[in-house]
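**Student:** please work out how this folds:
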Amino acid sequence: MIPPSASIPRHVLPTIVLAQFACTSLWFAGNAVLPNLVPQFGLGAGSLGHLTSAVQLGFILGTLVFAVFTLSDRFSPSKVFLVCAVAGAGFNLSLLLAEGFTTLLLSRFVAGFCLAGIYPVGMKIAADYHQKGLGKALGYLVGALVLGTAFPHLLKSLTHGLPWRYVIWATSGLALAGGIALVALVPDGPFRSRSTRPDFRAFFQIFRQKEFRAAAFGYFGHMWELYTFWAFVPVLLALYAEAHPTVELKISLLSFWVIGAGTLACILGGYIAEKVGSARTAFGALAVSMVCCLLSPWSFQLSLPLFLGLLVVWGLAVVMDSPQFSTLVAQAAPVQAKGTALTIVNSIGFAITIVSIQVVRSLQPEVPARFWFLILFVGPLLGLLAMRRLLRRPAR
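**Tutor:** Here you go, the predicted structure:
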């Protein structure tokens with residue numbers, strides 16, 4: 001282990017960021033190739049919601065296992081990251097062998113399980129290297145997640161006309177390279193506090209702290225909106241094209257730009273947080289994304305530049321707060337259970353995304369399309385109310 005007095009090598013944060021980007025490209029790989037899967041497997045209109053929910057459900061189960069057995073606090077987080085990256089790459093490739101919708105769902109479910117050892121464990125590794133400036137470090141890290149999430153849409157756009165399997169091969173290769181790079185270049189951090197055995201009480205005890213609860217509940221409100229927005233960005237674009245038949249949209253490419261814009265927002269939010277604090281930065285971003293939810297019913301009446309502008313602003317605001325919520329959670333958690341705390345909060349947050357995605361999906365047959373996304377404002381509103389106590393403390 002690097003002694004606490006040592007300076008952090010310059011390559012550490014870029015390596016974590018690049019590895020996080022590479023491995024989280026697995027997340028929406030199935031969504032990106034969904035248009036090709038629909039005719040091959042005869043999928044229905046609800047397949048997008050089901051495939052996305054399968055990944056989220058796998059992630060939730062994985063995070064519960066990691067949290068209950070405190071795996072990232074007991075074992076080297078870099079090695080945990082590697083094992084999950086290799087397994088995730090393999091199970092992502094199993095999509096190529098799917099013979100029906102059930103096997104498609106299973107492939108995405110297990111890939112989601114493996115992501116539980118990638119996303120929160122990557123944040124744990126970053127926290128083990130940064131006591132100060134954690135908000136900025138996690139801004140880069142979550143920015144990598146955002147870019148990794150958007151990347152399959154770019155791959156789909158660039159490989160237009162080529163077999164959809166290229167997207168799956170590419171994302172699996174990236175994940176494998178990311179896991180190897182991290183374990184080779186990033187040893188355990190100087191601020192890591194190791195647990196020696198599972199602590200089943202940690203799962204419940206961390207929520208007794210008021211500041212932890214405020215940060216966690218703010219994050220839960222943010223998660224109600226985030227992945228549902230990401231999952232349905234191509235649907236928003238398709239609905240606009242349907243309402244304006246003379247407009248031709250490159251949906252995969254535009255989806256990449258709308259989702260990927262959040263990368264810059266996460267990085268910028270890290271620098272803003274250094275000035276005004278993570279709580280205020282998260283609060284402001286959450287408020288802006290709530291306004292975008294409320295404006296969504298009227299967005300389809302806008303001109304194309306204004307519509308795309310609104311989507312980009314939404315794509316920026318919807319995730320700018322994410323690294324700051326993770327920072328607030330990490331700062332409020334007990335040192336010896338930091339990895340477990342991040343994992344627990346991630347687990348609950350992603351469980352909320354399944355409910356949100358399925359709620360929007362269930363509205364589709366009953367509600368006019370322009371009102372589908374209005375329900376998303378409820379999460380940010382409740383998140384803003386929950387985190388008010390955090391605004392009263394000095395910025396840090």
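
**Student:** go ahead and confirm Ile180 touches Phe81.
**Tutor:** No: using C-beta atoms under 8 Å, Ile180 is not in contact with Phe81; the gap is 10.2 Å. Any C-beta I mention is one placed from the backbone N, CA and C, and that applies to glycine too.

**Student:** out of the two, which sits in the more crowded spot?
**Tutor:** Counted by other C-beta atoms under 10 Å, Ile180 and Phe81 do not tie: Phe81 has more neighbours, with 27 against 15.

**Student:** mind listing residues that contact stretch 31-38?
**Tutor:** Contact with stretch 31-38 is made by 30, 43, 47-48, 51-52, 104, 152-153, 155-156, 164, 167-168, 231, 234, 252, as judged by C-beta atoms under 8 Å, 6 or more residues apart in numbering.

**Student:** hmm, I was thinking of stretch 106-114
**Tutor:** Residues contacting stretch 106-114 (C-beta under 8 Å, 6+ apart): 26-27, 29-30, 51, 54-62, 84-85, 87-88, 91-92, 94-95, 98.

**Student:** buried ones in the strand or helix carrying Leu106, by neighbour count?
**Tutor:** Element membership for Leu106 (DSSP states H and E) is helix 101-115. By neighbour count on 16 or more other C-beta atoms under 10 Å, the buried set for helix 101-115 is 101, 104-115.

**Student:** tell me how many other residues surround the residue lying closest to His130 once chain neighbours are set aside.
**Tutor:** Nearest non-adjacent residue to His130, counting by C-beta to C-beta, 6 or more residues apart in numbering: Ala137, 4.6 Å away. Ala137 has 23 neighbouring residues, counting by other C-beta under 10 Å.

**Student:** one more: Glu366?
**Tutor:** 8.

**Student:** neighbours of Ala184, just the number please.
**Tutor:** Counted with other C-beta under 10 Å, residues neighbouring Ala184 total 11.

**Student:** state the distance from it to Ala241.
**Tutor:** In this view, Ala184 and Ala241 are 45 Å apart by C-beta to C-beta, to the nearest Å.

**Student:** which of the contacts of stretch 106-114 count as buried?
**Tutor:** Neighbour counting over these (16+ other C-beta under 10 Å) leaves 26-27, 29-30, 51, 54-62, 84-85, 87-88, 91-92, 94-95, 98 as the buried ones.

**Student:** low pLDDT regions in the stretch 251-396 of the chain?
**Tutor:** With pLDDT under 70 as the threshold, the stretch 251-396 of the chain has low-confidence stretches at 335-339, 393-396.

**Student:** restricted to helices, list the contacts of stretch 31-38.
**Tutor:** Counting by DSSP state H, the contacts of stretch 31-38 place 30, 47-48, 51-52, 104, 152-153, 155-156, 167-168, 231, 234, 252 in helices.

**Student:** could you pull out the strands for the stretch 201-350 of the chain?
**Tutor:** Along the stretch 201-350 of the chain, no segments are classed as strands by DSSP state E, counting those that start in this stretch.

**Student:** now do the contacts for the residue nearest the centre of the chain.
**Tutor:** Nearest to the mean C-alpha position of the chain, by C-alpha atoms, centre = their mean, lies Leu145 at 5.9 Å. Listed by C-beta under 8 Å, 6+ apart, the contact partners of Leu145 are Gln20, Phe21, Thr24, Trp27, Tyr119.

**Student:** quick check: end-to-end length of stretch 92-104?
**Tutor:** Stretch 92-104 has an end-to-end distance of 10 Å (criterion: C-alpha to C-alpha, to the nearest Å).
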